[in-house]
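*Asks:* Here is my input, please return the structure:
(2 chains)
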Amino acid sequence: KAGVTQTPRYLIKTRGQQVTLSCSPISGHRSVSWYQQTPGQGLQFLFEYFSETQRNKGNFPGRFSGRQFSNSRSEMNVSTLELGDSALYLCASRGGSFEDEQFFGPGTRLTVL
Amino acid sequence: DQQVKQNSPSLSVQEGRISILNCDYTNSMFDYFLWYKKYPAEGPTFLISISSIKDKNEDGRFTVFLNKSAKHLSLHIVPSQPGDSAVYFCAATRDDKIIFGKGTRLHILP
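*Replies:* The predicted structure is shown next:
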């Protein structure tokens, strides 16, 4: 079974731009969660999508948004990029129940200049 | 307000010895506690979890201990191996949300 895939793996943007990251979950998984990892803050939860609906949301500003498609693939968008948005963005998928194990993708390294 | 804290950013342990990674939390309503391991350029992988109603869970070389009165959990790795060198994240779940600590980098020394 193929794992969680994320594209692109690396991205460089400048302040004020917007960016879209993509995540393809493990086949059959309906839940996709997004996380931001920075050295200073560790792993922080952004949001979770299940069956095309946002099911949970962390404490991030509205510049961070996401969506999920009918095939469970998910995209995350960050608008008006700031230097502090430079981070590793991780996507994780699981079956659907919160008790299911999460499987993480390799992440997208975003650098904002 | 950090609800899950890993106060040691790094830890060095001799190969073959015991590695003990610590985690403190502030919210007594957490349901489950989990440990993830992360290698550079890879996403975290699940290691072991413990329900809030238990005080110990063991899986091979990995044991997690939960002390609810102290709001403290620890991950023991015995014996430590070179492949255990990684960043370890402690996490806690509540209301379908998962909250991670900042991680502890474990170095296994030859």
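*Asks:* so how far is stretch B:45-57 from its chain's centroid?
*Replies:* Its chain's C-alpha centre and that of stretch B:45-57 lie 9 Å apart, by Cα atoms, centre = their mean, to the nearest Å.
*Asks:* And the strands in chain A, which stretches?
*Replies:* A:5-7, A:10-13, A:19-24, A:31-38, A:42-50, A:53-57, A:64-68, A:74-78, A:87-94, A:103-104, A:108-112 (DSSP state E).
*Asks:* Which stretches in chain B count as strands?
*Replies:* Taking DSSP E as the test, the strands found in chain B are B:4-5, B:10-14, B:19-25, B:32-38, B:45-51, B:56-59, B:62-67, B:72-77, B:86-94, B:97-100, B:104-109.
*Asks:* List the contacts of the first one.
*Replies:* Outside of strand B:4-5, the residues within contact range by Cβ atoms under 8 Å, 6 or more residues apart in numbering or on different chains are B:23, B:24, B:25, B:26, B:90, B:91, B:92, B:99, B:100, B:101, B:102. C-beta: built from backbone N, CA, C; applies to glycine.
*Asks:* which of these lies closest to residue A:111?
*Replies:* residue B:102 (20.5 Å; Cβ to Cβ).
*Asks:* how close does that closest one get to chain A?
*Replies:* 3 Å (Cβ to the nearest Cβ, to the nearest Å).
*Asks:* give the contact list for the residue of chain B found nearest chain A.
*Replies:* When distances are taken as Cβ to the nearest Cβ, chain B reaches nearest to chain A at residue B:43, 2.9 Å away. Going by Cβ under 8 Å, 6+ apart, residue B:43 touches A:4, A:90, A:91, A:92, A:103, A:104, A:105, A:106, A:107.
*Asks:* again with residue B:63
*Replies:* Taking Cβ under 8 Å, 6+ apart, we find residue B:63 in contact with B:48, B:56, B:57, B:75, B:76, B:78.
*Asks:* Just the buried residues of those residues.
*Replies:* By neighbour count, with 16 or more other Cβ atoms under 10 Å in any protein chain shown, these hold B:48, B:75, B:76 as buried.
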